[in-house]
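Trainee: what's the 3D shape of this:
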Amino acid sequence: PINVQYRLTINNPTNDEVKLRRLELQTIGPGAYSLRTGASPITATIPANSSITIPLSAWGRAPGGFFRSNEPVTLRGVAYFDSRNGAFLRQFNEVLSQF
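Mentor: Take a look at the predicted model:
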């Protein structure tokens with residue numbers, strides 16, 4: 001088991017405040033580590049026309065080995081938001097280098 005630290009930056013280009021309510025993170029395919037957090041409740045408010053950065057911590061599993069430790073990790077995320085106009089979600093994929 002390993003502890004993985006992230007910084008999630010959320011941009012809000014709208015004229016309305018939005019609230020992050022839940023976040024799901026998981027890795028896709030092989031990589032330096034695997035991760036599946038399930039749904040994590042988060043309460044963060046993103047003001048209109050601005051951005052915030054949130055520190056995140058999760059437990060993952062490393063398969064071990066020197067060569068695998070340098071492999072990139074593909075992360076899939078789903079963020080759930082509330083706004084004045086209703087609830088919505090945003091899906092994203094990121095390839096994270098291990099250097």
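
Trainee: from the contact counts, what lies against the host helix or strand of Arg76?
Mentor: Element membership for Arg76 (DSSP states H and E) is strand 73-83. In this structure, strand 73-83 makes packing contacts with strand 18-28, strand 86-96, judged by 3 or more CB pairs under 8 Å, 6 or more residues apart in numbering; DSSP states H and E. C-beta coordinates here come from the backbone N, C-alpha and C atoms, glycine included.

Trainee: Ile10 is nearest to which of those?
Mentor: strand 18-28 (6.5 Å; CB to CB).

Trainee: mind listing what's buried in that closest one?
Mentor: For strand 18-28, a neighbour-count test (16 or more other CB atoms under 10 Å) marks 18, 20-21, 23-25, 27 as buried.

Trainee: which of these lies closest to Ile52?
Mentor: Leu20 (8.6 Å).

Trainee: the closest one contacts Ile10, correct?
Mentor: Yes: applying CB atoms under 8 Å as the test, Leu20 and Ile10 come out as touching, 6.5 Å apart.

Trainee: need the residues touching each of these two.
Mentor: 44, 46, 54, 79 (CB atoms under 8 Å, 6 or more residues apart in numbering).

Trainee: the third one pairs with what?
Mentor: Each beta-bridge partner of Ile54 is listed here, defined by DSSP bridges: Leu8.

Trainee: now do the second one
Mentor: Residues in a beta bridge with Ile46, per DSSP bridges, are Val18.

Trainee: that one: what's it in contact with?
Mentor: 10-12, 17-20, 52.

Trainee: can you say which two of those residues are spatially most distant?
Mentor: Pairwise distances among those were taken by CB to CB; the largest, 14.6 Å, belongs to Asn11 and Lys19.

Trainee: so what would you say the end-to-end distance of stretch 11-19 is?
Mentor: End-to-end distance of stretch 11-19: 12 Å, with CA to CA, to the nearest Å as the criterion.

Trainee: if you count neighbours, what's buried in it?
Mentor: 12, 18.

Trainee: and the helix-or-strand element of the chain with minimal mean pLDDT, C-alpha only, in CSV?
Mentor: None of the helices or strands of the chain scores lower by mean pLDDT, DSSP states H and E than strand 36-46, at a mean of 87. C-alpha atoms of strand 36-46 as CSV (Å, rounded to 0.1, in the frame of the first residue of the first chain):
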residue,chain,number,x,y,z
ARG,A,36,-10.0,3.1,-6.6
THR,A,37,-11.4,5.4,-4.0
GLY,A,38,-15.1,5.1,-4.6
ALA,A,39,-17.2,8.2,-3.9
SER,A,40,-15.7,10.6,-1.4
PRO,A,41,-17.9,13.4,0.0
ILE,A,42,-16.2,16.8,-0.4
THR,A,43,-17.6,20.2,0.3
ALA,A,44,-15.9,23.0,-1.7
THR,A,45,-17.3,26.2,-3.1
ILE,A,46,-15.9,27.6,-6.3
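
Trainee: appreciated, that's everything.
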